[in-house]
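Enquirer: I need the structure of the sequence given here:
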Amino acid sequence: MRPFVALLFRAAIMPGHRELTARRNRPTMEAPYRRCPHEKNETLARQSLPNPGCPPLPRGHTFSSPRRGSHTPEMKILHTSDWHLGRTLYGRKRYEEYEAFLDWLAETIRDNGIDVLVVAGDVFDTTAPGNRAQELYYRFLCRAASLCCRHVVVISGNHDSPSFLDAPKELLKALEVHVTGSPSGNPEDEVLVLRNGQGVPELIVCAVPHLRDRDIRTAEAGESIEDKERKLLDGIRDHYASVAACAEGKRRELGGAIPLVATGHLFAAGGRTVEGDGVRELYVGSLAHVDAGIFPPCFDYVALGHLHVPQKVSGSEMVRYSGSPLPMGFGEAKQQKSVCVAEFGGRETSVRLVPVPVFQQLEQIRGGWDRISGRIFELASQGSRAWLEVVYDGNEILGDLRERLEEAVGNTAMEVLRVKNTGAVERALAQTLEEETLDDLDEDDVFRRCLEANRVPEDQHAELFAAYREAVLSLLERGGQPEQGGRHED
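Expert: Okay, here's the model as predicted:
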C-alpha cells in the first residue's frame, strides 16, 4: 500500500478516529493543536523570509459586506488555491517550499480558528502528479483532520485531473474532506451542506469545479467562433444558476440564514496577470473574460482560483482570487502572496488577507554587468540563499556571461537558475529569423511564424489563431505539459 493511501486508511478507520472527529468539532478555543505523527521537520517554515520588495498589505486590510438578515453564529473560512504541487522552476524541485507552506497553512488554520478550508483548484501542477506531490497533499489532509478545521472543500482546476481527485473522495469523506473533481450533470451533487459537531447546518458550499469545454458545450458542425464563445458563456452562466437555485432551495428547507459560498476556477473579466506567473491566456475569446455578473447574487462569498495575483473581481470584496501561495515564476518574485479569511456572523461578512511568508527567495536581476555583479555582491553580503534569474541587457558583448555569473555566486548560497543574454548584438541578431532560437519565442510566436512562412492571408490569421488556441487548451486539459519554466519532474 502506498504511504499516502496508508495515511488515509489509518485516519479513516483507526480506533481513535471517533475521538479525533469529536475533538475537531469542539468549539475553536478547546481544540488542541496536534501534529500529524507522519509529518516531517518544520525548519524551513519557521525560518521563512520576509519578502523584500513586496509592498505590505495595507493596515486594516479587512473588508465587509452586509448580509441578508443573518443571525448565524460566527464562523470562518480560509480560501486558498493554485498550490501546483509538483511544480519545478527551471529544473529545480520545490518540495521543501511546498512542505513549508503546508506547515504554515496548518498553523494559520489553528491560530485563526478556521472552521472550513476551501481550496479552489490546481492542487497539483499536472494531471498525473508524482508520488512526492501526492504524499504532500494527503499528509496535509491527515494533519488538517486533527485541527480545529471541521471541513475541507477541494475542487479541481485546469491543471488537475478530475478523475484523479475524485478517486478517493468517498474515503476522504471520513476526514470531512469534500472533493468535487468534475460536474456530474446533477447540480445537487455540487451543493454541500456542512454541519457543526451538533449536526446543525452552518454553511452551504456550491463546490463548482473547473468547467471544461466538454462539460458545458455541445459542438456542432459549422458553428462560428462567436457561436462557440456565446455557448460557452451561456453554459457557465446556466451551470452557476442551476447550482445556486439548488442551494437556495436547501437553505429554505433548512431554515435560518445559513451563509452560502461558491467556488470556481476560471478567468474573470479584467483579471490581472504578470509576466512569468504561469497563467497562459489560452482560452478562446470571451471565455477568458467571464463577467462577475455570471455569479448569482445569493452567494455571500465566491472563492476563485486560476489567477495567481490576489485580487477582487469587478471591485467586489466578496468575489475574490486568493492567488497562488508560492511565486510560480520570477515575474511573481516581488508579489505579496496571501490567503483570504472570510468571517460570517451577525449581519456582515468580512474578508481579511493573511500574508504568506517567503519560503524560497526568488530575484530577477536585470541590467548591465555592473548592475548585475553589484546586486549579487549585495545579496551575498546579506547571506541570501536566493534563486536568481539574470537578464543581461548591456551594450557590451559578453560571451562569457554564464562563467562570470558562476564565479560571482561560487562562494555563496545563491544559485542562478536562468540566464538571458539580450545585449545589443544579440538584439540585432534576433531581428534576423535565421539567428533566432526557440528560446527566443513562445508557442504563439511559433504559430504566427508558421502562418507567415506559409503565406496565409492576413485576414485568415485571427480565426486560425483562435482555432489553434482552442486546440492547445484541449490538449492541456487532457494532460499536456505544463507551462515553460514549470516542468514536472518527480
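
Enquirer: CA only for contacts and neighbour counts going forward, please
Expert: Noted.

Enquirer: tell me where the model's unsure across the stretch 351-490 of the chain.
Expert: 423-443, 470, 472-490 (pLDDT under 70).

Enquirer: low-scoring stretches of the stretch 51-200 of the chain, by residue?
Expert: In the stretch 51-200 of the chain (pLDDT under 70), the answer is 51-73.

Enquirer: mind listing the helices for the stretch 51-200 of the chain?
Expert: Assigned by DSSP state H, counting those that start in this stretch, the stretch 51-200 of the chain shows helices spanning 95-111, 131-144, 162-166, 169-172.

Enquirer: and these: which comes nearest A241?
Expert: A241 lies closest to helix 162-166 among those, at 21.9 Å (C-alpha to C-alpha).

Enquirer: first to last residue in stretch 81-92, what's the distance?
Expert: In stretch 81-92, first residue to last residue: 22 Å (C-alpha to C-alpha, to the nearest Å).

Enquirer: check stretch 143-153 too.
Expert: 15 Å.

Enquirer: how far off centre is it?
Expert: When C-alpha coordinates are averaged (C-alpha atoms, centre = their mean, to the nearest Å), stretch 143-153 and its chain have centres 20 Å apart.

Enquirer: R251 and A244 touch, don't they?
Expert: No. Applying C-alpha atoms under 8 Å as the test, R251 and A244 come out as separate, 10.4 Å apart.

Enquirer: of the two, who's got more company?
Expert: The residue with more neighbours, out of R251 and A244, is A244; 26 against 19, by other C-alpha atoms under 10 Å.

Enquirer: spit out the contact partners of Q311.
Expert: 271-272, 320-323 (C-alpha atoms under 8 Å, 6 or more residues apart in numbering).

Enquirer: how does it look with 7 Å?
Expert: Taking C-alpha atoms under 7 Å, 6 or more residues apart in numbering, we find Q311 in contact with 320-322.

Enquirer: where does the stretch 201-350 of the chain have low pLDDT?
Expert: Flagging of the stretch 201-350 of the chain using pLDDT under 70 yields the residue ranges 219, 275-288, 346-347.

Enquirer: which stretches in it count as strands?
Expert: Secondary structure of the stretch 201-350 of the chain by DSSP state E, counting those that start in this stretch: the strands cover 201-206, 260-265, 301-305, 311-313, 316-321, 338-345, 348-355.

Enquirer: and those strands, which is most packed in?
Expert: strand 301-305 (a mean of 28; mean count of other C-alpha atoms under 10 Å).

Enquirer: so that strand versus strand 260-265, what angle?
Expert: On the basis of axes from the mean of the first three to the mean of the last three C-alpha atoms, to 10 degrees, strand 301-305 is oriented at 20 degrees to strand 260-265.

Enquirer: what residues are bridge-paired with T263?
Expert: With DSSP bridges as the criterion, T263 is bridged to A303.

Enquirer: that one reaches Y301, doesn't it?
Expert: No. Assessed by C-alpha atoms under 7 Å, T263 is found out of contact with Y301, at 8.5 Å.

Enquirer: put together JSON lines for the helices of the stretch 51-200 of the chain, with mean neighbour count and distance to V205 on each row.
Expert: Shown next, in JSON lines, are those (neighbours: other C-alpha atoms under 10 Å; distance: least, C-alpha to C-alpha, whole Å):
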{"stretch": "helix 95-111", "mean neighbour count": "20", "distance to V205": "19"}
{"stretch": "helix 131-144", "mean neighbour count": "20", "distance to V205": "19"}
{"stretch": "helix 162-166", "mean neighbour count": "17", "distance to V205": "17"}
{"stretch": "helix 169-172", "mean neighbour count": "17", "distance to V205": "16"}
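
Enquirer: any idea which of those helices gets closest to R230?
Expert: helix 162-166 (24.8 Å).

Enquirer: if we can go back for a sec, to V356, which of the helices of the stretch 51-200 of the chain lies closest?
Expert: Judging the helices of the stretch 51-200 of the chain by C-alpha to C-alpha, what sits closest to V356 is helix 95-111, at 8.1 Å.

Enquirer: name the helices or strands packed onto that closest one?
Expert: helix 43-46, helix 131-144 (3 or more C-alpha pairs under 7 Å, 6 or more residues apart in numbering; DSSP states H and E).

Enquirer: how big is the angle separating it from strand 348-355?
Expert: Using the same axes, to 10 degrees: helix 95-111 against strand 348-355 is 140 degrees.

Enquirer: quick check: angle from helix 95-111 to helix 131-144?
Expert: 10 degrees.

Enquirer: what angle do helix 95-111 and strand 338-345 make?
Expert: Using the same axes, to 10 degrees: helix 95-111 against strand 338-345 is 20 degrees.

Enquirer: residues in contact with A144?
Expert: Neighbouring residues of A144 by C-alpha under 7 Å, 6+ apart: A106.

Enquirer: how close does it sit to I109?
Expert: Using C-alpha to C-alpha, A144 is found at 8 Å from I109.

Enquirer: M328 - how many residues pack around it?
Expert: Neighbourhood size, M328 [other C-alpha under 10 Å]: 23.

Enquirer: name the nearest residue to S163, sequence neighbours excluded.
Expert: Closest residue in space to S163, ignoring its immediate chain neighbours: G181 at 6.3 Å, by C-alpha to C-alpha, 6 or more residues apart in numbering.

Enquirer: thought that neighbour was touching I155?
Expert: Yes. G181 is within contact range of I155, at 5.6 Å (criterion: C-alpha under 7 Å).

Enquirer: which one of these two has more residues nearby?
Expert: Neighbours per residue (other C-alpha under 10 Å) separate G181 from I155, with I155 holding more: 29 against 26.

Enquirer: now the more buried one: how far from P209?
Expert: To P209, I155 is 5 Å away according to C-alpha to C-alpha.

Enquirer: next: A174.
Expert: Distance from A174 to P209, by C-alpha to C-alpha: 21 Å.

Enquirer: hmm, S242 is touching P187, no?
Expert: Yes. Using C-alpha under 7 Å, S242 is in contact with P187, at 6.2 Å.

Enquirer: of these two, which one has the most company?
Expert: P187 (20 against 14).

Enquirer: without its sequence neighbours, what residue ends up closest to the more buried one?
Expert: Nearest non-adjacent residue to P187 (C-alpha to C-alpha, 6+ apart): V243, at 4.9 Å.

Enquirer: tell me the phi and psi of D291?
Expert: Torsion angles at D291 (phi, psi; degrees, to the nearest 10) stand at phi -70, psi 150.

Enquirer: contacting residues for it?
Expert: Contacts of D291 by C-alpha under 7 Å, 6+ apart are 268-269.

Enquirer: and with 10 Å instead?
Expert: Listed by C-alpha atoms under 10 Å, 6 or more residues apart in numbering, the contact set of D291 reads 233, 237, 267-270, 313-314.
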